[in-house]
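Engineer: Here's a sequence, model it:
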Amino acid sequence: MNTLTITGLDKPLVQLSPDALHVKMLTLETCNDVQTVDSSLDVEVASNALRDVAKLVKDCEQTRVKIKAPVLDLARQIDEVAKTYSGDLEKQSTRIKGLVGAYHARQEEIMRVEERKRQEELARIERERIEAERRAAAEARRIENERLAAEAEARRAAMESARKAASIEEAEAAAQAADAAAKKAADEAKAAAEALVAKQRAEALERARQAAAVAPVARIEKQEGVSVSSVWKFEVLDIAEVYKANPTLVVMSPSTSAINAAIKAGHKTIPGLRIWEEKGVKVRG
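Structural biologist: Okay, here's the model as predicted:
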């Protein structure tokens, strides 16, 4: 779709007139004749050449301004028509973008809160896992200690019975009783260990289920052709404070007008500047 159209225009062609080209060539030949300026006559010849050049440049500039004026007016008219057309649309675009951006900001804040809760829940589950493992290790140590103590007690009892036995038969009976007691202690320790393993497995499955239930936070649904991104903005409150904090954040540039005014006021030596004098030649066309 062509939003703007221009009517009433032919294909423009900008050319130099033959007379202007001829006068330019003659003036350049005159300028080429000026190679040195060693006398008042040379100054007069050079001055005449400068005046001719100044007149041609002035005439060209005046013509340029004259024929360019309608083109500039046309360009301004094109810009104004386009601005009028786009102005209301851009206002609505800015307003709606603000609404969409505000919505995304609210949703991102909600997601940040939900993600923080999710991470806290996962951390709680992990703490419980570590504590459960600690308790299980302590229980396993307790069971093992009890088993060792029972075996030691069985062996002590066996030795005591054997020492007191009046006959070989009584000693053998005491040894068998000791073996039975040791086996009973070992069986009880094994059963306790198996129960502990089963309990640990059940607790691990429960923690895994809880962790799986803590699902990742859903993301904001994207719309085709529309993208939303975070853009950092800033406002300068005190440029001097910015420079003090970080000089690289401030652009420094010399003020030509202020420097020239200072030189004209008589300041010929200024720290950081090299000041010298040159001769300038002005020519009126």
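Engineer: which intervals of the stretch 51-200 of the chain have sub-threshold pLDDT?
Structural biologist: Counting by pLDDT under 70, the ranges of the stretch 51-200 of the chain that qualify are 158-159, 161-175, 177-179, 181-182, 185-186, 189, 193, 197.
Engineer: Could you check how far stretch 249-260 is from the centre of its chain?
Structural biologist: Between the centre of stretch 249-260 and the centre of its chain there are 32 Å (CA atoms, centre = their mean, to the nearest Å).
Engineer: First-to-last residue distance for that stretch?
Structural biologist: Length of stretch 249-260, first residue to last, CA to CA, to the nearest Å: 27 Å.
Engineer: going forward, begin numbering at 15 instead of 1
Structural biologist: Understood, numbering begins at 15; the last thing we discussed is stretch 263-274.
Engineer: And the helices in the stretch 165-299 of the chain?
Structural biologist: Secondary structure of the stretch 165-299 of the chain, counting by DSSP state H, counting those that start in this stretch: helices at 182-227, 253-259, 270-278.
Engineer: Mind listing what's buried along the second one?
Structural biologist: Along helix 253-259, no position meets the burial threshold by neighbour count (16 or more other CB atoms under 10 Å). Quick note: C-beta positions are derived from backbone N, CA and C, even for glycine.
Engineer: ok, and what's touching that helix?
Structural biologist: 250, 263-264 (CB atoms under 8 Å, 6 or more residues apart in numbering).
Engineer: distance of residue 72 from residue 278?
Structural biologist: 28 Å (CB to CB, to the nearest Å).
Engineer: Which residue of those two possesses the greater neighbour count?
Structural biologist: Comparing residue 72 with residue 278 by other CB atoms under 10 Å, the one with more neighbours is residue 72, at 13 against 8.
Engineer: Where does the more buried one fall, secondary structure wise?
Structural biologist: helix 54-178 (DSSP states H and E).
Engineer: helices and strands around that helix, which ones?
Structural biologist: If contacts are counted by 3 or more CB pairs under 8 Å, 6 or more residues apart in numbering; DSSP states H and E, helix 54-178 sits against helix 32-46, helix 182-227.
Engineer: residues near residue 295, how many?
Structural biologist: So residue 295, with other CB under 10 Å, has 7 neighbours.
Engineer: same thing with residue 128?
Structural biologist: By other CB under 10 Å, 13 other residues sit near residue 128.
Engineer: try residue 59
Structural biologist: Counted with other CB under 10 Å, residues neighbouring residue 59 total 15.
Engineer: and if you look at residue 270?
Structural biologist: Neighbours around residue 270, by other CB under 10 Å: 8.
Engineer: just residue 280 next, same as before
Structural biologist: Look at residue 280: counted by other CB under 10 Å, it has 6 neighbours.
Engineer: surely residue 59 meets residue 46?
Structural biologist: No - between residue 59 and residue 46 there is no contact under CB atoms under 8 Å: 11.9 Å.
Engineer: need the contact list for residue 143.
Structural biologist: For residue 143, counting by CB under 8 Å, 6+ apart, the contacting residues are 218, 221.
Engineer: ok, residue 283 to residue 91 distance?
Structural biologist: 53 Å.
Engineer: Look at these two and report which has more neighbours.
Structural biologist: Using other CB under 10 Å, the more surrounded residue of residue 283 and residue 91 is residue 91, with 11 against 7.
Engineer: how far away is that one from residue 247?
Structural biologist: Counting by CB to CB - residue 91 and residue 247 are separated by 35 Å.
Engineer: likewise residue 215?
Structural biologist: To residue 247, residue 215 is 55 Å away according to CB to CB.
Engineer: again with residue 143
Structural biologist: Applying CB to CB, the value for residue 143 to residue 247 is 44 Å.
Engineer: before we move on, what about residue 77?
Structural biologist: From residue 77 over to residue 247 the distance is 48 Å, taken as CB to CB.
Engineer: Likewise for residue 83?
Structural biologist: For residue 83, the distance to residue 247 equals 41 Å [CB to CB].
Engineer: repeat for residue 263
Structural biologist: According to CB to CB, residue 263 stands 15 Å off from residue 247.
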